[in-house]
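Visitor: give me coordinates for this.
(one chain, ligands or ions: 1)
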Amino acid sequence: MKFTKLQSVGNDFVLLDPQGEEQDWPKLALHMCHRHFGAGADGLMLILPSEKADFRMRIFNADGSEAEICGNGLRCLIHYIAVNKLLGNRDELSIETLAGMRHAQIFKDGRIRTTMGKPMFEAHQIPVAAEPDPKHYNGQLISDFPLNINNRRVLVSLVSMGNPHAIHFCTKPVEEFPLGEVGSQVEIHKAFPKRTNFEVANILDTEHIKVRVWERGVGETLGCGSGASAVAVAAQILGYVGKFVYIKLPGGTLGVEWDGHDDVYLTGKAEIIYTGEWLKDEII
Ligand SMILES: N[C@H](CCC[C@H](N)C(=O)O)C(=O)O
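Guide: Model (predicted):
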């Protein structure tokens, strides 16, 4: 089975075109994403036909769980479509995802600008099980939500980009944050019935935020597009940044725009690293 390996800001994926074939995708994702016994990736993506859009995308995390959306994966899929001229030379296209329709523009310099949908803030949309006190929130950003992690009180803001994000703003450099210890616990905290992605963010100035990410179903990644979007949205609502912000991740920088009401726009590049053939048939 042929596959293509792609990356964007160091978030890497194997992409398959199943051509109508059905497989145990969660198990195959677990298998193919393994860094030693497999091809190695943060996720497995499928490019599929769609009746509502140019193509449909499915994304499975390295642990086999299926996610609603993946910002970097979306950009990688669009880059794959452009390089392989699956839509000729069209520079605008639409992709159907579990989180809804997403639209993209491809620029001549290789940048790809995608919609990331409208951010959601209601407790049931995150979802967060422990109802925060409604008088504080009623549809506004749930900020300073307290989590007790190994006797450390971690305050997070909660944003859904179709997938859940818990964001901790800190004043120290993000490199000093114990992301492995804290992120692994936040991901599976009982407050999040669907688990959550976790971002630690340090505001550099009104246009730049430094971020590290512990991804649901993956662990620490070098970049996360939906995470970058969620951080930019929360930071704007909290008054830290304006409507356009650069999110500096360990694997690279993404641009996020949000007018405060409608769709978030995410801009970055993507790269095909290699194509390969999957020859293994046994499961780990
Ligand atoms: N781990 C994420 C999916 C991948 C998101 C990330 N790679 C991105 O670029 O948005 C989740 O389970 O919600």
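
Visitor: from here on, contacts and neighbour counts on C-alpha atoms
Guide: Fine.

Visitor: ok, the residue most central in space within the chain - contacts?
Guide: Per CA atoms, centre = their mean, the C-alpha nearest to the average position across the chain is that of residue 226, at 3.5 Å. Neighbour list for residue 226: 69, 70, 71, 72, 116, 161, 163 [criterion: CA atoms under 8 Å, 6 or more residues apart in numbering].

Visitor: equivalent analysis for residue 160, please.
Guide: By CA under 8 Å, 6+ apart, the contact set of residue 160 is 119, 120, 121, 125, 126, 127, 230.

Visitor: quick one: it from residue 90, how far?
Guide: Note on residue 160: its distance to residue 90, by CA to CA, to the nearest Å, is 30 Å.

Visitor: ok so, going back, quick check: next helix or strand after the helix or strand containing the residue nearest to the centre of the chain?
Guide: Using DSSP states H and E, residue 226 sits within helix 225-237. Note on helix 225-237: by DSSP H and E, the next helix or strand toward the C-terminus is strand 244-249.

Visitor: nearest residue to residue 129 other than its sequence neighbours?
Guide: Distances taken as CA to CA, 6 or more residues apart in numbering place residue 191 nearest to residue 129, at 5.0 Å, with adjacent residues excluded.

Visitor: tell me how many other residues crowd the one you found.
Guide: For residue 191, the count of nearby residues is 16 (other CA atoms under 10 Å).

Visitor: what's the answer for residue 1, then?
Guide: Count around residue 1 with other CA under 10 Å applied: 10.

Visitor: repeat that for the one 10 residues further on.
Guide: Neighbours of residue 11 under the rule other CA under 10 Å: 22.

Visitor: give the contact list for it.
Guide: Counted by CA under 8 Å, 6+ apart, residue 11 has contacts 41, 42, 72, 73, 221, 222, 223, 224, 251.

Visitor: need those in CSV (columns: pLDDT).
Guide: Below are the contacts of residue 11 laid out as CSV (pLDDT from 0 to 100):
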residue, pLDDT
41, 98
42, 99
72, 98
73, 98
221, 98
222, 98
223, 98
224, 98
251, 98
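
Visitor: in strands, which of these appear?
Guide: Among these, the members falling in strands (DSSP state E) are residue 221.

Visitor: is the helix holding residue 226 positioned near the ligand?
Guide: Yes - counting by CA under 6 Å from any ligand atom, the ligand is contacted by helix 225-237 at 225, 226, 227.

Visitor: which residues sit in contact with the first one?
Guide: Contacts of residue 225 were listed using CA under 8 Å, 6+ apart, and they are 70, 71, 72, 254, 266.
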